[in-house]
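Peer 1: Predicted model follows, preceded by the sequence.
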Amino acid sequence: MDKTASNQALALSGIMHCTWLVRQLAHEGRIDETQLDCALRPVFVLDPESVASVYAGSSCRHNALTVLKTQLGAGGPTGRDMETTRYTATLMHLERKLAARDDLLQALREGIEAATQQLQHFPVTHENVIARLADLYAQTVSTLRPKVMVHGDARFLEEPRTANRVRALLLAGIRSTVLWRQCGGSRLKLIFGRGRLLNAAGGLDAG
């Protein structure tokens with residue numbers, strides 16, 4: 001198996017899983033708690049031994065890889081969700097801005113380390129943990145431009161609990177975007193390497 005392609009596919013699946021859940025929250029106001037748990041856990045893996053260790057758990061990987069394969073066109077172009085694609089593209093652009101800001105990167109690391117302490121008392125999906133991640137996103141990534149403009153039902157987006165979940169998921173998406181770049185991922189690799197990424201995703205999902 002192509003190790004580089006596999007690592008890139010895992011990181012990209014992490015991004016797209018988060019943005020797909022953001023899209024679902026914005027339009028439906030709710031998501032599966034297990035999938036939320038899977039999407040947020042990579043935030044807390046700051047110094048991983050490998051890319052695979054960031055996305056542990058076969059069921060978590062399966063959910064994320066299923067989204068990735070759909071977004072890359074495994075089920076045909078009609079299967080893709082353009083909002084998910086747009087949010088993913090914006091996160092990739094923001095990651096390039098973030099990489100040039102050592103102050104924000106340091107603030108993110110310190111904020112995540114502080115949030116990690118909460119996991120001694122609360123599960124990842126507890127509202128206290130999510131609120132901490134949401135606030136961290138607002139103070140760091142959200143200060144950059146362009147902002148991720150989330151569209152959906154105002155009844156849901158204006159609800160504080162949903163808004164916090166959206167921001168926490170976007171933070172998780174940024175974490176996977178950083179990993180995507182570290183694995184050699186780029187916009188050109190995404191555009192011209194779809195087949196390679198799809199093959200890697202299929203191999204990972206089968207394993």
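Peer 2: Thanks, I have the structure now.

Peer 1: what's stretch 198-207 in contact with?
Peer 2: If you take CB atoms under 8 Å, 6 or more residues apart in numbering as the criterion, stretch 198-207 is touched by 1-2, 5-6, 8-10, 13, 61-62, 65-66, 68-69, 72-74. In short, each C-beta sits where N, CA and C put it, glycine included.

Peer 1: And stretch 102-115, by the same measure?
Peer 2: So stretch 102-115 is in contact with 43-44, 46, 98-99, 129, 132-133, 136, 139-141, 143-144, going by CB under 8 Å, 6+ apart.

Peer 1: Mind checking which of those are buried?
Peer 2: Using 16 or more other CB atoms under 10 Å as the burial test, those include 43-44, 98, 129, 132-133, 136, 140-141, 144 as buried.

Peer 1: Pipe those residues into TSV and attach distance to Leu169, secondary structure and pLDDT per row.
Peer 2: Below are the buried ones among the contacts of stretch 102-115 laid out as TSV (distance: CB to CB, whole Å; DSSP: H, G, I helix; E, B strand; the rest coil; pLDDT from 0 to 100):
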residue	distance to Leu169	secondary structure	pLDDT
Val43	10	helix	98
Phe44	14	helix	97
Leu98	17	helix	98
Val129	13	helix	98
Arg132	14	helix	97
Leu133	9	helix	98
Leu136	13	helix	98
Thr140	15	coil	98
Val141	12	helix	98
Leu144	17	coil	98
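
Peer 1: Quick one: those as TSV, columns for distance to Trp20 too.
Peer 2: Listed next are the buried ones among the contacts of stretch 102-115 as TSV, based on distance: CB to CB, whole Å:
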residue	distance to Trp20
Val43	17
Phe44	21
Leu98	21
Val129	21
Arg132	23
Leu133	18
Leu136	22
Thr140	23
Val141	18
Leu144	22
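
Peer 1: Return the closest of the residues you listed with respect to Glu158.
Peer 2: Glu158 has its nearest neighbour among the buried ones among the contacts of stretch 102-115 in Leu133, at 19.4 Å by CB to CB.

Peer 1: Check the spacing between that closest one and Phe122 real quick.
Peer 2: Counting by CB to CB, to the nearest Å, the gap from Leu133 to Phe122 is 12 Å.
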